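Participant: This is a predicted model, with the sequence first.
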Amino acid sequence: LRKTFQANTVLYTMTSIEEGKDLSFYTEILDQLRTEKFNLKTNEALATHPYLIAAKEGKLTLAQRRAFVGEQYAIQYSDACSFARLAGHENFRPSSLSTATAPTNNNNNNNN
């Protein structure tokens, strides 16, 4: 999870780089965040969390894996609807995430 968080943070930072700013400015911010008390505490908690240890060791039950997949689907579906709403498409509710396409002005109710 630490690598994922760091990768997402770097990706966000890289897409938000202002022209004229040296990359070291952004890496310094990341270094500061990594040493913040909240981040150290979170990393420590994640490193010793029983669920994550079981996942790393391949010991999650089928029910736990199914629950995780269901939760991830719900999060991704909600995100897709939220981002569409932010873009002005109030009623975007795809019937499938694997076939969903971005709504257009003529296609506000995408149910693909």
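Facilitator: Nice, I can see it.

Participant: quick one, helices of the chain?
Facilitator: In order along the chain, the chain carries the following helices (DSSP state H): 2-15, 23-34, 37-47, 50-56, 62-86.

Participant: Determine which of those helices approaches residue 100 most closely.
Facilitator: helix 62-86 (6.4 Å; Cβ to Cβ). For the C-beta atoms, the positions are set from N, CA and C on the backbone; glycine is no exception.

Participant: mean confidence for that closest one?
Facilitator: Here helix 62-86 scores 95 as its mean pLDDT.

Participant: cool, stretch 93-106 as well?
Facilitator: Averaging the model's pLDDT scores along stretch 93-106 yields 83.

Participant: same question, stretch 31-42
Facilitator: Across stretch 31-42, pLDDT averages out at 94.

Participant: First-to-last residue distance for that stretch?
Facilitator: Stretch 31-42 has an end-to-end distance of 16 Å (Cα to Cα, to the nearest Å).
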